[in-house]
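Novice: Sequence and computational prediction follow.
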Amino acid sequence: MKTDPAKLEMMRSYFNAIASGMGHVIERTSFTTFVKESADFATALATPSGDFFVYPKTVGVTIFLGLNIKKAVEESGPLQDGDMIITNDPYTTDGLATHLPDVHIIKPIFVEDEIISYAWSFVHVSDVGGLVPSSISPTATDIHQEGLRIPPVKIYEAGKENQVVRSFLRANSRASHLNDGDINAMIAAVHTADIRLKEMIEKFGKDEVKQGMFDLLKQAEDRAGRVIEAIPDGTSEFADYLDDDMISDVPIRLKVTLTVRGKQLTLDFSECDPQVKTAFNLVTNGQKHSFLYQGLINYIISKDPFIPINGGITYPIEVISPKGTLVHPEYPASVGIRHAITMRLYNVVLGAIGKRLPEAVPAAGAGQSAIVVLSVFDDQTGGRKMSVVEPLGGGGGAQKGADGVDGIDHASGFLKNTPIESLEQHIDIHVHRYEILPDTGGAGENRGGHAIGLEFEMLKPESMVTARGMERMKFQPWGLMGGRAGTVGKVKLVTQDGEEIDQPKIDVLRLEKGDIVQLTSPSGGGWGNPFTRKKEKVLQEVEAGLLSKERALQEYGVKVYKANNEWKVDDQKTSELRENVHASASSDVFWDFGEQRAAYEKVWTDEASSELAILLRTYPANERTHYKHKVHAHFSNRNEPLTKTDVIQALRQISQQKGGNES
């Protein structure tokens, strides 16, 4: 490190102020609830080589930390002062853009004819065309069904706006005026960064500022290495699932092999399922990508809260992601629901760390961040208007010494809920309830966070609801160290006639005036033996209405009663109950994955699932989902554990059948 430590801390504060200030510009000048309410945006400053050397800690979404803008800059061609780049295309940016509604703006900052930095921002815009309003459909089968692809092009050249690019953008959106407002907010943000970074250079000097960027990256790398070094050397494996691929009931399996050697950590995704036909794919082009290991990034930050928040945190991490897997799909795989992969990988990577340091990681949280979007006809324009109803998360996972957070999973970053008053002002909707649901958190010495209930009514005919990323409706969020698994999510439609209809995960719900949608999120898993939870905490939750007296007795062995309108603990009965239930009866299961996963893995063993995943990558990309479904159907009545040989023989037999390659 070449910069004086005291001066480096001053510069770090300046950099943070610039990056955070960019975010505040976007918050205050954007047009849509996606941004100003849900906070689905981000800002950062990058080095000339493309690494983010400063990233806001609490403004916007946090999961882009560690990405690199180099590929996007190279694709746009030579740059001059006053240029700005726009893109939303995953395949030409090495996954910087992760799906098409995420529009990115990049501005090179020139000082004395030298690019000293790049100002970067992204916003999740309202619509870029595609199959459905808001552009994201889980059942899209290629990226061209998901909307307009914008390879890195210049929206400004030498300070002059490129009207051709603007025209293409406006012509391919159902809400072009909203997109214009949010894109202009990003342009204002990166322009503000240009001004403020130059002011900083006037104060410190160009060479000092350049050196400070790299010293902060190096400091983050060194400190992250020390956190990794504290994890015992060796290898561990962990797997988890998405419920299904939306066109079958076959789960999507994500697996990692984690290897620690000193200050270096390798994540091998070779045994992940192959890319799927629907939109559950994450484009990385085989590069390191922060969406693969956000749980690890957060783990490092939690162990060293004062570490510089920048891409240097990811330098000690290596990734193996073979082409054709879910995390390195081949073009033109659809990618709209890539965040479902990200959130499940959060659990997978932390689970692998938990195999080595079980008391250092939390149980699984809800594992979803379902962006519920309503679209209705706009009587004034004749088109459609849309708004985020809520980014529906769910309970957080419990951890040693702390309950899970109610209603929000730690994997969701800083996404915010939409205030009901703002929502009902923006769009035709009536929200009946939006509340934390009692008796839902996974039981434990520290219990999981409670689920959310959301119910809303349509006020206009031909309304449409989408909800990308709904998960944990089949496989429960797991409990750890004797804690119990959380509860699953649910969807119900109540028609205008009063008929109640259970629904699967939402792709598109086409609704009429008076129809009511009821959503229940998953909850968080518990941590530790529930029978060791303090009686006082159980009583407090009964008093607060979060826990029924029946569940207090059943899950925690605590007998409560009401006397003189006050809840009390029956200490004698509680002691008898807890003494009669041996600790082993509540803590003999280290991981509680829930009944559905236990039943599935009774047949689909780790060995069988990994073998099928690897074999399917030898087939053409467009056939992999087909054969995966066929093999699962082949074993649909199986009750015994599968072996590698079983899978190999079944796949060979199915491939040789007449019509075996028909979809």
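Specialist: Yep, it's here.
Novice: now for the helix or strand hosting His629, which elements pack on it?
Specialist: His629 is located in helix 624-634, with elements delineated by DSSP states H and E. Helices and strands touching helix 624-634, as assessed by 3 or more C-beta pairs under 8 Å, 6 or more residues apart in numbering; DSSP states H and E, comprise helix 606-616, helix 644-656. For the C-beta atoms, the positions are set from N, CA and C on the backbone; glycine is no exception.
Novice: Alpha carbons of the last one, as PDB, please.
Specialist: Extracted as PDB, the C-alpha positions of helix 644-656 are listed here (Å, rounded to 0.1, in the frame of the first residue of the first chain):
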ATOM      1  CA  LYS A 644     -25.000 -43.700 -11.000                       C
ATOM      2  CA  THR A 645     -25.600 -46.900 -12.900                       C
ATOM      3  CA  ASP A 646     -29.400 -46.500 -12.700                       C
ATOM      4  CA  VAL A 647     -29.100 -43.000 -14.200                       C
ATOM      5  CA  ILE A 648     -26.700 -44.000 -16.900                       C
ATOM      6  CA  GLN A 649     -28.800 -46.900 -18.000                       C
ATOM      7  CA  ALA A 650     -32.000 -45.000 -18.000                       C
ATOM      8  CA  LEU A 651     -30.600 -42.100 -20.000                       C
ATOM      9  CA  ARG A 652     -29.100 -44.500 -22.500                       C
ATOM     10  CA  GLN A 653     -32.400 -46.300 -22.900                       C
ATOM     11  CA  ILE A 654     -34.500 -43.100 -23.300                       C
ATOM     12  CA  SER A 655     -32.000 -41.700 -25.800                       C
ATOM     13  CA  GLN A 656     -32.300 -44.900 -28.000                       C
END
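Novice: follow-up on the earlier one: relative orientation of the helix holding His629 and helix 606-616 in degrees?
Specialist: Note on geometry: by axes from the mean of the first three to the mean of the last three C-alpha atoms, to 10 degrees, helix 624-634 and helix 606-616 are set 140 degrees apart in direction.
Novice: any idea how far helix 624-634 is from the chain center?
Specialist: Using C-alpha atoms, centre = their mean, to the nearest Å, the mean C-alpha position of helix 624-634 is found 27 Å from that of the whole chain.
Novice: what do you get for stretch 272-289?
Specialist: Offset of stretch 272-289 from its chain centre (C-alpha atoms, centre = their mean): 14 Å.
Novice: what do you get for stretch 100-107?
Specialist: Counting by C-alpha atoms, centre = their mean, stretch 100-107 is centred 18 Å from the centre of its parent chain.
Novice: ditto for stretch 633-651
Specialist: 32 Å.
Novice: what does that stretch contact?
Specialist: Residues outside stretch 633-651 that contact it (C-beta atoms under 8 Å, 6 or more residues apart in numbering) are 602-605, 607-608, 611-612, 615-616, 627, 631, 653-654.
Novice: buried stuff in stretch 383-402?
Specialist: If you call a residue buried by 16 or more other C-beta atoms under 10 Å, then stretch 383-402 has these buried ones: 383-399.
Novice: And stretch 258-274, by the same measure?
Specialist: Applying a neighbour-count criterion of 16+ other C-beta under 10 Å, one finds 258-260, 263, 265-269, 271-274 buried in stretch 258-274.
Novice: Could you tell me the average pLDDT over that stretch, please?
Specialist: Per-residue pLDDT values across stretch 258-274 average out to 98.
Novice: Repeat that for stretch 565-580.
Specialist: Rounded to a whole number, the mean pLDDT of stretch 565-580 is 92.
Novice: how far is that stretch from where the chain is centred?
Specialist: 41 Å.
Novice: What's the end-to-end length of stretch 50-63?
Specialist: Terminal residues of stretch 50-63 are spaced 17 Å apart (C-alpha to C-alpha, to the nearest Å).
Novice: How about stretch 264-280?
Specialist: End-to-end distance of stretch 264-280: 29 Å, with C-alpha to C-alpha as the criterion.
Novice: what about Asn565, distance to Glu543?
Specialist: 11 Å (C-beta to C-beta, to the nearest Å).
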